[in-house]
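Student: Show me the folded form of this:
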Amino acid sequence: MTQTLEPQAEPDATTPDARAQAWFAAFESALAAADGAAVADLCARECYWRDLVSFSWNLTTVEGHAGVADLVTENAARVAAHGFALTEPADEADGVVTAWFGFETSVGRGTGLARFVEEDGGLRAWTFLTTLDEIKGHEEPRGTRRPKGVAHGAFKDRVTWKEAREQEAADLGVTEQPYVLIIGGGQGGIALGSRLRQHGVPALTIDKHDRPGDQWRRRYKSLCLHDPVWYDHLPYLKFPDNWPVFAPKDKIGDWLEFYTRVMEVPYWSKTVATSASYDEERGEWTVEVERDGQPLTLHPTQLVLATGMSGKANVPRLPGQDVFRGEQHHSSQHPGPDAYAGKKCVVIGSNNSAFDICGALWEVGADVTMVQRSSTHIVKSDTLMDIGLGALYSEEAVAGGVTTEKADLIFASLPYRILHTFQIPLYDQMREKDKDFYDRMEKAGFWLDWGPDGSGLFMKYLRRGSGYYIDVGAAELVADGEVKLVRGQVDHLTESAVVLEDGTELDADLVVYATGYGSMNGWAADLISQEVADRVGKVWGLGSDTPKDPGPWEGEQRNMWKPTQQPGLWFHGGNLHQSRHYSQFLALQLKARYLGLDTPVYRLQEVHHLG
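Tutor: Here you go, the predicted structure:
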């Protein structure tokens, strides 16, 4: 009896998987030849390649065929990227094929996300994200590599975990110098400290406050997170699943303190850095600090300013401030509303802090007036969660398989140049959904805007870090006239009033300057020198040539989480999402330098603005 074998069906070359795999095969071949022109030919005419460290030892985005070709020509031979393979089935929708992939380089392993379009008779890359996950041979001790935590058996002179930690703490900064010194122990410094701890890089985080989390505890009592919990996890250790959607400030403070302890982040509280200087010849910093009032000198190789993009207060200088008999302070110093019940309070500003403070003052019975000096974008919190964040950061997203880490990469895969085009339709939906609210705000005289191109909150934040309010209720007080509103610029103060340029006088017992914050390189000027601050240039912004974000186009956040023109100086900050996500890439850059790896930086940050 003979058996007839049925012929095997040929694989369907038209499936998204097959087409993507064929593209990656051609891509890898062109990379192996360091053929920039061939790689560019695999990309659409409009194309963007965003690389987070894996190819560039930088955070950089190249655009168009010329940009792609240059990235490949300059880096491909050294990087030796290979092993490109899909990590899950490719997907096709609305003419776009989306593919998650993994790959290796000469030093590490990475993850990427590509979007392809059909062009010129074949699949072409439109957006392309490559990220470095780990350095080969120096992987983090996680998962299957987790430490045992104890050496089983019987040993003389055994050193316990507690004893080892106590000895480490006693030696750090005295007999052992940190390779990395992180100045600023808020969420940014803590997140980076935890990353470096896991990577085995000797690092120390210092902060002026008494305890981790005091940066939150000491702010006005109504402060809470305006972003939802799914957006705000810290590295490694997520908030528990009963954590509130919007955490109050003291709860966040307690979590940061707890997190610092359980993640074993080397952390000095009650410590102030008073000066820093860099020795070019030795390649190290001299940082003078006062720890609990005692002077100490540290010599780190790398210095990270994690003092926050909302840390250096902009306090206006106005005629009459010296004669005003009431109380006046910046919003960062506002103690809360309790002492001002029945008082006349003038809050200068109309963004997040201004609204929060106005709302809290109204709740205790103060007479509150908001002074709006320029237009403000407002979006209701519930609407933002539903329309703006729900697809990536929500309980529904998690249930659909979009983890926080995956959501971060999806968001990161949209190049800044075109991100506004994805945002505009969302904010159009929000404007329509809450039309009655916006009509009431305008009727009350509030000056609304939606960004220069209608792209709303995220682009305002990325471009300038100001000019918006996520409404958690206080805007209703303005719409209803419970918080009085005036528009104009402040001219001067008298003994008892704030006077606007048009002559309007606002009687005041308290003046709160909710006037925002300056560029982070101001911290470098204060700590190091103005010369170094100018060498680094402005920190934050995209170069979008929109208000408060002057061009030329940068393609990435200026000077954030990447090498600067000052050797050994880095900036780390942003919201909880950015502190979590970008701490991964800053930590890997610092680890590579600690290991002594060759880290040639492609397209080092240029300086176009001083601050």
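
Student: what sits up against stretch 587-597?
Tutor: Stretch 587-597 has contacts (CB atoms under 8 Å, 6 or more residues apart in numbering) with 53, 57, 107-108, 132, 134-135, 138, 179-180, 192, 195-196, 199-203, 301-302, 304, 562-563, 570, 599. All C-beta spots, glycine's among them, are computed from the backbone N, C-alpha and C.

Student: Buried residues in that stretch, which are they?
Tutor: Burial within stretch 587-597, assessed by neighbour count using 16 or more other CB atoms under 10 Å, is assigned to 587-594.

Student: pLDDT averaged over stretch 307-326 - what is it?
Tutor: Taken as a whole, stretch 307-326 carries a mean pLDDT of 88.

Student: ditto for stretch 265-281
Tutor: Mean predicted confidence for stretch 265-281 is 97.

Student: Count residues in the vicinity of Leu305, would you?
Tutor: When neighbours are counted by other CB atoms under 10 Å, Leu305 registers 29.

Student: can you pull the contacts of it?
Tutor: Applying CB under 8 Å, 6+ apart, we find Leu305 in contact with 183-184, 520, 523-524, 527, 569-572.

Student: Check pLDDT for those and point me to the minimum.
Tutor: Met520 (86).

Student: Any figure for the gap between that one and Gln557?
Tutor: If you measure Met520 against Gln557 using CB to CB, to the nearest Å, the figure is 11 Å.

Student: which of the two has more neighbours?
Tutor: Neighbour comparison, Met520 and Gln557: the larger count goes to Met520, with 28 against 25 (by other CB under 10 Å).

Student: right, and the more buried one touches Phe571 too?
Tutor: Yes - if you go by CB atoms under 8 Å, Met520 and Phe571 touch, sitting 5.4 Å apart.

Student: Give the residues shared as contacts by the two.
Tutor: Both Met520 and Phe571 are in contact with 305, 539, 559, where contact means CB under 8 Å, 6+ apart.

Student: Export these to JSON lines and append columns for secondary structure and distance to Pro552.
Tutor: As requested, these are exported to JSON lines (DSSP: H, G, I helix; E, B strand; the rest coil; distance: CB to CB, whole Å):
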{"residue": "Leu305", "secondary structure": "strand", "distance to Pro552": "24"}
{"residue": "Val539", "secondary structure": "coil", "distance to Pro552": "16"}
{"residue": "Asn559", "secondary structure": "coil", "distance to Pro552": "15"}
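
Student: so which of the residues you listed comes closest to Asn75?
Tutor: Nearest to Asn75 out of these is Asn559 (CB to CB; 21.2 Å).

Student: got the contact list for the closest one?
Tutor: Going by CB under 8 Å, 6+ apart, Asn559 touches 520-521, 536-540, 571, 605.

Student: What about those residues, which one has the most neighbours?
Tutor: Asn521 (31 neighbours).

Student: residues touching that residue, list them.
Tutor: Neighbouring residues of Asn521 by CB under 8 Å, 6+ apart: 533, 536-539, 559, 571, 610-611.

Student: which of these lies closest to His65?
Tutor: Nearest to His65 out of those is Asn559 (CB to CB; 27.7 Å).

Student: tell me the pLDDT at that closest one?
Tutor: Here, the pLDDT recorded for Asn559 equals 96.

Student: and if you look at Leu5?
Tutor: 53.

Student: before we move on, what about Asp157?
Tutor: Note for Asp157: predicted pLDDT of 85.

Student: Starting from Glu163, give me the distance back to it.
Tutor: Distance of Asp157 to Glu163, given as CB to CB: 10 Å.

Student: Then Asp241?
Tutor: For Asp241, the distance to Glu163 - CB to CB - is 35 Å.

Student: ok, back up a step: narrow the contacts of stretch 587-597 to just the buried residues.
Tutor: By 16+ other CB under 10 Å, those give 53, 57, 107-108, 132, 134-135, 138, 179-180, 192, 195-196, 199, 201-203, 301-302, 304, 562-563, 570, 599 as buried.

Student: Out of the contacts of Leu305, which comes closest to Gly320?
Tutor: Of the contacts of Leu305, the one sitting nearest to Gly320 (CB to CB) turns out to be Trp523, at 29.4 Å.

Student: Tell me the secondary structure at the closest one.
Tutor: Following DSSP: H, G, I helix; E, B strand; the rest coil, the label given to Trp523 is helix.

Student: surely it meets Val304?
Tutor: No - contact criterion CB under 8 Å: Trp523 and Val304 do not qualify, at 11.0 Å.

Student: So which residues of the stretch 201-350 of the chain form helices?
Tutor: For the stretch 201-350 of the chain, helices defined by DSSP state H, counting those that start in this stretch occupy the ranges 214-217, 249-262.

Student: any chance of those in JSON lines, plus mean neighbour count?
Tutor: As requested, those are exported to JSON lines (neighbours: other CB atoms under 10 Å):
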{"stretch": "helix 214-217", "mean neighbour count": "22"}
{"stretch": "helix 249-262", "mean neighbour count": "18"}
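
Student: weakest of the ones you listed in terms of mean pLDDT?
Tutor: If you rank those by mean pLDDT, helix 214-217 sits at the bottom with a mean of 91.

Student: Okay, now the unreliable bits of the stretch 451-600 of the chain?
Tutor: Judged against pLDDT under 70, the stretch 451-600 of the chain has no low-scoring part.

Student: Show me where it has its helices.
Tutor: For the stretch 451-600 of the chain, the helices defined by DSSP H, counting those that start in this stretch cover 456-464, 474-479, 521-527, 530-536, 576-595.

Student: Give me the angle between the last one and helix 249-262.
Tutor: Going by axes from the mean of the first three to the mean of the last three CA atoms, to 10 degrees, helix 576-595 is angled at 20 degrees with respect to helix 249-262.

Student: next one: helix 576-595 to chain centre, how far?
Tutor: Chain-centre distance of helix 576-595: 12 Å, with CA atoms, centre = their mean, to the nearest Å.

Student: repeat for the second one
Tutor: Helix 474-479 has its average C-alpha position 29 Å from the chain's average C-alpha position, going by CA atoms, centre = their mean.

Student: For the protein, which strand extends over the most residues?
Tutor: When the chain is parsed with DSSP state E, its longest strand is strand 122-135.

Student: tell me the average confidence for that one?
Tutor: Across strand 122-135, pLDDT averages out at 98.

Student: what mean pLDDT does the helix or strand that it is followed by have?
Tutor: Next in sequence after strand 122-135, counting helices and strands by DSSP states H and E, comes helix 161-171. Per-residue pLDDT over helix 161-171 has a mean of 92.

Student: Could you list every helix and strand in contact with helix 161-171?
Tutor: Judged by 3 or more CB pairs under 8 Å, 6 or more residues apart in numbering; DSSP states H and E, helix 161-171 is in contact with no other helix or strand.

Student: Next secondary structure after it?
Tutor: That would be, after helix 161-171 and using DSSP H and E, strand 180-183.

Student: May I see the buried residues of the strand or helix carrying Ala76?
Tutor: Here Ala76, judged by DSSP H and E, is contained in helix 64-79. For helix 64-79, the neighbour count (16+ other CB under 10 Å) marks 64-65, 67-72, 74-76, 78-79 as buried.

Student: just stretch 388-408 next, same as before
Tutor: Buried residues in stretch 388-408, defined by neighbour count with 16+ other CB under 10 Å: 388-389, 392-394, 397-398, 402, 404, 406-408.

Student: What lies in contact with that stretch?
Tutor: 227-228, 230-231, 233, 238, 379, 385, 410-411, 426-427, 430, 456-458, 577, 580-581.

Student: can we see that at 10 Å?
Tutor: If you take CB atoms under 10 Å, 6 or more residues apart in numbering as the criterion, stretch 388-408 is touched by 88, 100, 111, 113, 131, 227-233, 235, 238, 241, 245, 379, 384-386, 409-411, 423, 426-427, 429-430, 456-458, 470, 577-578, 580-582, 584.
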